[in-house]
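S.K.: okay, predicted coordinates and the sequence, questions at the end:
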Amino acid sequence: MTRKKYALVGTGGRAEFFYGALAKSFRDTCELVAFCDINRTRLEYANRLLKDKYAHPEVALYGSHEFDEMVRKEAPDVVIVTSMDRTHHTYIVRAMELGCDVVTEKPMTIDAEKCQLILDTVKKTGRDLRVAFNYRYAPHNTKIRELIMDGAIGDIFSVHFEWLLNTVHGADYFRRWHRDKRNSGGLLVHKSTHHFDLVNFWLGTTPDTVYAMGGLMFYGRENAERRGVTSFYQRAYGSEAAKNDPFAIHLEKNAHLKSLYLDAEKDDGYQRDQSVFGDGISIEDTLGVMVRYKNKAIMTYSLNAYLPWEGYNVVFNGSKGRIEMKVVERAYVNSGGKKEDEGALSYKKLTVQPMFDKAYEVEIEERAGGHGGGDPILLNDLFGERTEDRFRRAASHVDGAVSILTGVAGNLSMQTGGAVRIDDLVKF
């Protein structure tokens, strides 16, 4: 059996999810051949993990400026992109131009211009682009798709979707590069792309018109000062003020985070532990969105990044009744613990309320693995033997585009104060 060859670009916090799976579970179908990154220390650490943690041979290492050389020398069939969001399009487009298929971490990219470039390159090259939406594969989310597909509550007319990020995970976006909207597109793109994709997936439709409001209301220095805070610091490492701050992350106390970030600072100056109450934060922490879909359904959506618990409430109102789901996720910090703890559930309840009958609770399959058991299924779909899937969970470049474009339209709506039509942003 011929194994597909894979190269990975961007060896930060999300990368091990992919290369660890290739090195451990999919050696029969996949061959990992190279890493590429701007940071040499982080590259060498990834290779060390390959050897020591996964008993896998070390792979070739390339700087970000050597991406073309890597593709020519190592001849990967597929490039995995897990770099900073604003660079996704660069590697996606160039990999396809050089004859590779691509698997990219979400979000596919961060704005309409970069999205159009990717769409045009797919058309021009005919290459395959997959977006890693693991939430689709979580059994509780798949069950919602199944109920709606099978007509449990008829035609869906409206959705109310509330996502809560807590003071552990939610705060983490304000410590890292994500806090600069130029890097991440803000939470409406970086984080909400998961949620907007789920609604597209659940309803079997795509967004038409978006209106949004939001702001930075909790994090940031100005907000802290307004609440009476008087002690500030730029970053946690080496700061006396950070020692008693529950929002601080201490990289030196976690061996993995220390190796991945603190030890790597000398190469590119990136600080992973910035204060969430510092200056220079340009993303929102409080967001409200309204969306009308192509099938005429409407959604009200909210995202708040500073709440006491993590998870979501979602309800669907249809012609034959109502579906309600509540999910509580365990708190986690990216790369701060085991991969299977990311998005793991501590509580879930799915209820169907028929219009003229008693409500009933729906049993949900229990599966091990991160993101509610969705991660192992996604990884097998990407790297293993794919099977027929009536739910069509595999996400294409079109799915990646329509998910981010809801957030992109929301960002534009916040700037202009008006509603934004998706068809005005890109041409498919």
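M.R.: Received, thanks.
S.K.: can you tell me the number of residues neighbouring the residue nearest to D273 when sequence neighbours are not counted?
M.R.: Distances taken as CB to CB, 6 or more residues apart in numbering put A236 closest to D273, at 4.2 Å, once the chain neighbours are dropped. Yep, even glycine has a C-beta here, placed from its N, CA and C like the rest. Residues lying near A236 (other CB atoms under 10 Å) number 23.
S.K.: gap between A236 and E162?
M.R.: Separation of A236 from E162 (CB to CB, to the nearest Å): 30 Å.
S.K.: picking that back up, test my guess that the residue nearest to D273 contacts L251.
M.R.: Yes. A236 is within contact range of L251, at 7.4 Å (criterion: CB atoms under 8 Å).
S.K.: what do those two both touch?
M.R.: D273 (CB atoms under 8 Å, 6 or more residues apart in numbering).
S.K.: pull the contacting residues for the nearest residue to E162 once chain neighbours are set aside.
M.R.: Closest residue to E162 apart from its sequence neighbours, by CB to CB, 6+ apart: N313 at 4.7 Å. Residues in contact with N313 (CB under 8 Å, 6+ apart) are H160, F161, E162, E324, M325, K326, V327.
S.K.: which ones are touching the residue nearest to D273?
M.R.: Counting by CB under 8 Å, 6+ apart, the residues that A236 touches are A242, D245, A248, I249, H250, L251, D273, Q274, S275.
S.K.: read off the pLDDT value for K114.
M.R.: pLDDT recorded at K114 is 98.
S.K.: helix or strand for it, which one?
M.R.: Secondary structure from DSSP states H and E places K114 in helix 112-125.
S.K.: so what strands line up beside whatever helix or strand comes next after that helix?
M.R.: Next in sequence after helix 112-125, counting helices and strands by DSSP H and E, comes strand 129-131. Strand 129-131 pairs in its sheet with strand 101-104 (parallel), strand 395-396 (antiparallel), by DSSP bridges.
S.K.: tell me the gap between strand 129-131 and the middle of its chain.
M.R.: 13 Å (CA atoms, centre = their mean, to the nearest Å).
S.K.: can you pull out the residues in contact with it?
M.R.: Counting by CB under 8 Å, 6+ apart, 92, 96, 101-104, 106, 108, 118, 122, 382, 394-397, 399-400, 403 sit against strand 129-131.
S.K.: how about 6 Å then?
M.R.: Contact with strand 129-131 is made by V102, V103, T104, K106, M108, V122, A395, H397, G400, as judged by CB atoms under 6 Å, 6 or more residues apart in numbering.
S.K.: the residue nearest to D273 and N39: what is the separation?
M.R.: A236 is 20 Å from N39, by CB to CB.
S.K.: repeat that for V408.
M.R.: 28 Å.
S.K.: likewise for I283?
M.R.: Counting by CB to CB, the gap from I283 to N39 is 23 Å.
S.K.: neighbour count winner among the two?
M.R.: I283 (27 against 23).
S.K.: skipping adjacent residues, who's closest to the more buried one in space?
M.R.: G186 (4.3 Å).
S.K.: that neighbour and G214, how far apart?
M.R.: 8 Å.
S.K.: one more: A7?
M.R.: 37 Å.
S.K.: with H190 instead?
M.R.: In terms of CB to CB, H190 sits 14 Å off from G214.
S.K.: of the contacts of A236, which is the nearest to Y54?
M.R.: L251 (23.2 Å; CB to CB).
S.K.: could you check how far the closest one is from N411?
M.R.: 30 Å.
S.K.: centre-most residue in this structure?
M.R.: By CA atoms, centre = their mean, the chain has its centre lying nearest to K106, at 4.5 Å.
S.K.: ok, and the closest non-adjacent residue to that one?
M.R.: With CB to CB, 6+ apart, the residue lying closest to K106 is T193, at 5.1 Å.
S.K.: what's the answer for R14, then?
M.R.: According to CB to CB, 6+ apart, the nearest residue to R14 is T82 (4.7 Å).
S.K.: was I right to think that neighbour contacts T11?
M.R.: No. In this structure, T82 is not within contact of T11 by CB atoms under 6 Å, at 7.6 Å.
S.K.: of the two, which one has the most company?
M.R.: Using other CB under 10 Å as the criterion, T82 and T11 rank with T11 on top: 27 against 23.
S.K.: let's verify the more buried one: helix, strand, or coil?
M.R.: Of the three states, T11 takes coil according to DSSP: H, G, I helix; E, B strand; the rest coil.
S.K.: pretty sure it is touching R42, no?
M.R.: Yes. Counting by CB under 6 Å, T11 does reach R42; the two are 5.0 Å apart.
S.K.: re the thing from before, of the contacts of A236, closest to F35?
M.R.: Nearest to F35 out of the contacts of A236 is L251 (CB to CB; 21.6 Å).
S.K.: look at the closest one and say how many residues are nearby.
M.R.: 22.
S.K.: now swap in L345 and tell me
M.R.: 18.
S.K.: ok, now the one 4 residues further on?
M.R.: K349: 13 surrounding residues under other CB under 10 Å.
S.K.: quick check: which element contains it?
M.R.: With DSSP H and E as the test, K349 turns up in strand 345-354.
S.K.: centre of the chain to that strand, how far?
M.R.: 23 Å.
S.K.: show residues contacting it.
M.R.: With CB under 6 Å, 6+ apart as the criterion, strand 345-354 contacts 140, 152, 321-330, 359-362, 364, 372.
S.K.: hmm, who's touching the helix or strand just after it?
M.R.: For strand 345-354, the following helix or strand on the C-terminal side (DSSP H and E) is strand 360-361. With contacts defined as CB under 6 Å, 6+ apart, strand 360-361 is touched by T351, V352.
S.K.: helix, strand or coil: sort out the residue nearest to E162 for me.
M.R.: Strictly by three-state DSSP, N313 counts as strand.
S.K.: hey, which helix is longest across this structure?
M.R.: helix 397-416 (DSSP state H).
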